[in-house]
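>>> What follows is a predicted protein model with its sequence.
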Amino acid sequence: MLSRLFKKLDILIIKAFIGPFLATFFVTLFVLVLQFMWLYIDDFVGKGLDTFTVLRMLMYVAATTVPLALPLAVLLSSIMTLGNLGETYELVAIKSAGISLLRFLRPLFVVSFVITCIAFYFNNNILPYANLKMNTLKYDIIVSKPAFAIKEGVFYDKIEGFVIKIGKKERDDSTIRNVVIYEQNNNGQQDNMIVADSGTMVVSPDKQSLIFTLRSGSRYQEKMERGSTTGSELIRMSFKTYKKVLDLSSFRMNKTDDSTFKDNYQMKSVIQLAKIIDSIKGVENRYARQASQGVNMGMKFPAYLDTTGWDAIDKKPVYSHYLLPIDRVRDTLRREWAVALRRQDSTDRAQDSIRKKQDSQRLAQEALQKERDRSNPSGGASSNATGSTPANTASAPAPLNTNTPPGQAPGQASRVPRTAPDPRFSDLLPDSVRLTVMDKAINAISSAKVALVQPVTLYAAEQKTLLHHEEAWHEKFTMAVACMVMFLIGAPLGSIIRKGGIGMPLVFAVIFFVIFFLLNNFGRKFVSQAVMTPLAGMWMPTYVLTPIGLFLVYKALNDSQLFNKEFYFRLTKKIRPLFTLIGKWTKRKKISPSNVG
């Protein structure tokens, strides 16, 4: 009996889900197709497309929008299904019977998993073919010339070799009046012209010719011999009826071969993309090895290396004859550093003694001046016996170095570092070969830079192509898994809000789908710009929305009042006295006597 009840509940929930899912899927598909047509309406209008071509284009566009329509349909239908059951208290009755929400959602989970598998099969097998056909047909439509349409009072020059002007067109769109047709010759001049009072204009049944039947007009023709400078001959021919046929073969929409777009990454399956990714990585490795070889060939200094070998007997390195032994250079630098440090210490002590002497003389002078001020209270100027003031006979110490190092205040003596310096490569070179070695190093660096230009450019191009293919590979999976993620959000959300119909479920569905759409676009953009790896960028919507779905499942299992207005009203009612108390305290603080004073 219990198993039969579960089967009936499973059938009930599946039936309640299938209807809204199909409806929302086709509505979403229709909206996405309209969005595409809105973007390319200017390229399709006025091309004389037949009904079959338009229907084919709409079918291919609808197929390419299915991966985006499926997650939105699953999200909206899940919210509507659980919301309808909650609004009619069927969900409450099922829970009161002891059936958990997870058990109740199990058939919907299975259906969503089946939809996910179908979405992956569609993305991997049908979508590449639909993209190939759509891009080929779209290219043919865009590059084709506009259909034949001549407006009143406007010069029409879309037909090669002719410029046509029609004064007025009757309602039947065939009878024309005040017709002027200019014929261009080979040198580009408008030498011939046809003028007629009226006539008819029709397109041949095979759409290859435009037939003018003109009445009561004249044909003007200017003839001039090649290379003649004497003048030209003007011929005028009047007619009662004249028939002119113009070729419209250039307006025919040519069919492009599918092989033109078949190498695009959007036209590949998962297996094909995996093979191409492996081949691109091999090409990248080849360019990397080429760059490494170019650098190694230009950066070799075997004759100027620090060591050329190891003496197994003496257990010490054997130095090149072009270099000084590094131990000797290090000892020389340390001795020079020690001498400079002692010289600096002695200079510092001499400056300290001079500074102390100056300070003692200044203090003695200040004491003498105070004594004179006390003995002469009238404030008059006083002088010593010789009529002169005591002078500072000490001279200021001379700076150690007049050159100011970078980052050091002007006039400050340069200081010797307290730690011993390490020898540089230039210190190991004798003066006789130092200039030669530096010149060779600069030339080698320049050669290595030139050798790196082509491999680096090709490597960057291959890296961009690799990112596009890895993005397409991951997208096959992410757009399919998005159906499960949307179900994980929609089902508990519908059981929480308990609202059916289109209103509230549509609002929440749009909010979460916009979040998914933005995250998907941001991730794709970050991957294409090499800001994020394909694994992180293309799966970013799944990383962000899956914890939200698990949180909503937890809230739904615990009968959360997350979207209950009564819960927030009661919570506000409890917090309101606290805000009132804070307001009274703030007002009392403002009118206190200390603030008034």
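Yes, it's here.
>>> Tell me the buried residues in stretch 85-102?
85-87, 91, 94, 101 (16 or more other Cβ atoms under 10 Å). The C-beta positions use only the backbone N, C-alpha and C, and glycine is treated the same way.
>>> likewise stretch 284-298?
284, 287, 290-291, 294-295, 298.
>>> is it possible to export the residues you listed to TSV including secondary structure and distance to Leu39?
As requested, these are exported to TSV (DSSP: H, G, I helix; E, B strand; the rest coil; distance: Cβ to Cβ, whole Å):
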residue	secondary structure	distance to Leu39
Glu284	helix	35
Tyr287	helix	37
Gln290	helix	42
Ala291	helix	42
Gly294	helix	46
Val295	helix	47
Gly298	helix	51
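>>> picking up where we left off before, farthest-apart pair in the buried residues of stretch 85-102, please.
The span of the buried residues of stretch 85-102, defined through Cβ to Cβ, is set by Glu87 and Leu101 at 16.0 Å.
>>> ok, back up a step: mind listing which of the buried residues of stretch 85-102 are in helices?
85-87, 91, 94, 101 (DSSP state H).
>>> okay, those in TSV with pLDDT and distance to Ser375 next?
Formatted as TSV, those follow (pLDDT from 0 to 100; distance: Cβ to Cβ, whole Å):
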residue	pLDDT	distance to Ser375
Leu85	82	111
Gly86	78	106
Glu87	79	108
Leu91	78	109
Ile94	79	113
Leu101	78	105
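>>> Looking at the residue minimising distance to the centre of the chain now. What's its pLDDT?
Nearest to the geometric centre of the chain sits Lys525, at 3.6 Å (Cα atoms, centre = their mean). Listed pLDDT for Lys525 reads 88.
>>> Check whether it sits in a helix, strand or coil.
helix (DSSP: H, G, I helix; E, B strand; the rest coil).
>>> thinking again about what came up before, what's the closest of the ones in helices among the buried residues of stretch 85-102 to Glu475?
Nearest member of those to Glu475, counting by Cβ to Cβ, is Leu101, at 32.4 Å.
>>> Now do the contacts for that closest one.
Residues in contact with Leu101 (Cβ atoms under 8 Å, 6 or more residues apart in numbering) are 95, 492, 495, 556-557.
>>> same thing but at 10 Å, please
Each residue near Leu101 by Cβ atoms under 10 Å, 6 or more residues apart in numbering is listed here: 82, 91, 94-95, 491-492, 495, 553, 556-559.
>>> quick check, distance from the helix ranked longest in the chain to the centre of its chain.
When the chain is parsed with DSSP H, its longest helix is helix 431-497. The chain centre lies 13 Å from the centre of helix 431-497; the measure is Cα atoms, centre = their mean, to the nearest Å.
>>> what residue ranges in the stretch 101-250 of the chain are flagged as low confidence?
143-149, 185-191, 207, 224-231, 249-250 (pLDDT under 70).
>>> Now do the strands in it.
Assigned by DSSP state E, counting those that start in this stretch, the strands in the stretch 101-250 of the chain fall at 162-169, 175-183, 192-203, 209-223, 233-247.
>>> So for Arg334, which of these sits nearest?
Ranking those by their distance to Arg334 (criterion: Cβ to Cβ) puts strand 162-169 first, at 92.3 Å.
>>> what's around Lys268, how many residues?
For Lys268, the tally of surrounding residues (other Cβ atoms under 10 Å) stands at 23.
>>> Against Ser232, how distant is the closest residue to it other than its chain neighbours?
Excluding the flanking residues, the one nearest Lys268 by Cβ to Cβ, 6 or more residues apart in numbering is Pro128, at 5.9 Å. As for Pro128, its distance to Ser232 is 62 Å (criterion: Cβ to Cβ, to the nearest Å).
>>> Likewise for Ala448?
Between Ala448 and Ser232 the distance is 69 Å, computed by Cβ to Cβ.
>>> of the two, who's got more company?
Counted by other Cβ under 10 Å, Ala448 and Ser232 do not tie: Ala448 has more neighbours, with 16 against 10.
>>> now the helix or strand hosting Glu371: mean pLDDT?
Using DSSP states H and E, Glu371 maps to helix 326-375. Averaged over helix 326-375, pLDDT sits at 79.
>>> and Leu76, what does it touch?
Neighbours of Leu76 in contact, by Cβ under 10 Å, 6+ apart: 20-21, 23-25, 27-28, 486, 490, 494, 502, 505-506, 508-510, 512-513.
>>> Which residues are in contact with the residue nearest to Ser218 when sequence neighbours are not counted?
Leaving aside its sequence neighbours, Ser218 sits nearest to Ser238 (Cβ to Cβ, 6+ apart; 4.9 Å). By Cβ under 10 Å, 6+ apart, the contact set of Ser238 is 216-219.
>>> which one of those is nearest Val453?
Arg219 (64.1 Å).
>>> got a list of what the closest residue to that closest one other than its chain neighbours touches?
Nearest residue to Arg219, sequence neighbours excluded (Cβ to Cβ, 6+ apart): Met237, at 4.6 Å. Contacts of Met237 were listed using Cβ under 10 Å, 6+ apart, and they are 194, 217-221.
>>> Could you identify which of those residues has the most neighbours?
Ile194 (23 neighbours).
>>> From Thr200, how far off is that one?
14 Å.
>>> Closest to Glu475 out of the contacts of Leu101?
For those, the nearest to Glu475 is Ala491 (24.8 Å; Cβ to Cβ).
>>> quick one, what contacts the closest one?
With Cβ under 10 Å, 6+ apart, Ala491 has these contacts: 13, 17, 74-75, 77-79, 81-82, 101, 104-105, 108-109, 112, 549, 552-553, 556.
>>> What pLDDT is listed against it?
Value for Ala491, per-residue pLDDT: 85.
>>> Run a quick neighbour tally on the residue nearest to it when sequence neighbours are not counted.
The shortest distance from Ala491 to any non-neighbouring residue, by Cβ to Cβ, 6+ apart, is to Ser78 (4.6 Å). Using other Cβ under 10 Å, the number of residues around Ser78 comes to 30.
>>> got the angle between the helix or strand where Ser78 lies and helix 431-497?
Assessed by DSSP H and E, Ser78 sits inside helix 51-87. Angle of helix 51-87 versus helix 431-497, following axes from the mean of the first three to the mean of the last three Cα atoms, to 10 degrees, is 60 degrees.
>>> From Leu214, how far out is Ser238?
Distance from Ser238 to Leu214, by Cβ to Cβ: 12 Å.
>>> Glu90 and Tyr121: what is the separation?
From Glu90 to Tyr121 the distance is 34 Å (Cβ to Cβ).
>>> where does Lys95 land on pLDDT?
So Lys95 comes in at 77 (pLDDT).
>>> pretty sure it is in contact with Phe104, am I right?
Yes: at 8.0 Å, Lys95 counts as touching Phe104 under the criterion of Cβ atoms under 10 Å.
>>> so what sits against both of the two?
Ser495.
>>> Tabulate the buried residues of stretch 284-298 in CSV, adding columns for pLDDT and distance to Pro541.
Shown next, in CSV, are the buried residues of stretch 284-298 (pLDDT from 0 to 100; distance: Cβ to Cβ, whole Å):
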residue, pLDDT, distance to Pro541
Glu284, 79, 28
Tyr287, 79, 33
Gln290, 76, 39
Ala291, 77, 37
Gly294, 71, 42
Val295, 70, 42
Gly298, 63, 47
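>>> Format those residues as JSON lines; extra columns: distance to Arg434.
Shown next, in JSON lines, are these (distance: Cβ to Cβ, whole Å):
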{"residue": "Glu284", "distance to Arg434": "40"}
{"residue": "Tyr287", "distance to Arg434": "36"}
{"residue": "Gln290", "distance to Arg434": "33"}
{"residue": "Ala291", "distance to Arg434": "30"}
{"residue": "Gly294", "distance to Arg434": "27"}
{"residue": "Val295", "distance to Arg434": "24"}
{"residue": "Gly298", "distance to Arg434": "21"}
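>>> Which one of these is nearest to Lys464?
The closest of the buried residues of stretch 284-298, once distances to Lys464 are taken by Cβ to Cβ, is Glu284, at 11.0 Å.
>>> Not counting sequence-adjacent ones, nearest residue to that closest one?
Closest to Glu284 by Cβ to Cβ, 6+ apart is Glu462, at 5.1 Å.
>>> Then Leu234?
Nearest to Leu234 is Glu222, by Cβ to Cβ, 6+ apart, at 5.5 Å.
>>> Fine, thanks again, bye for now.
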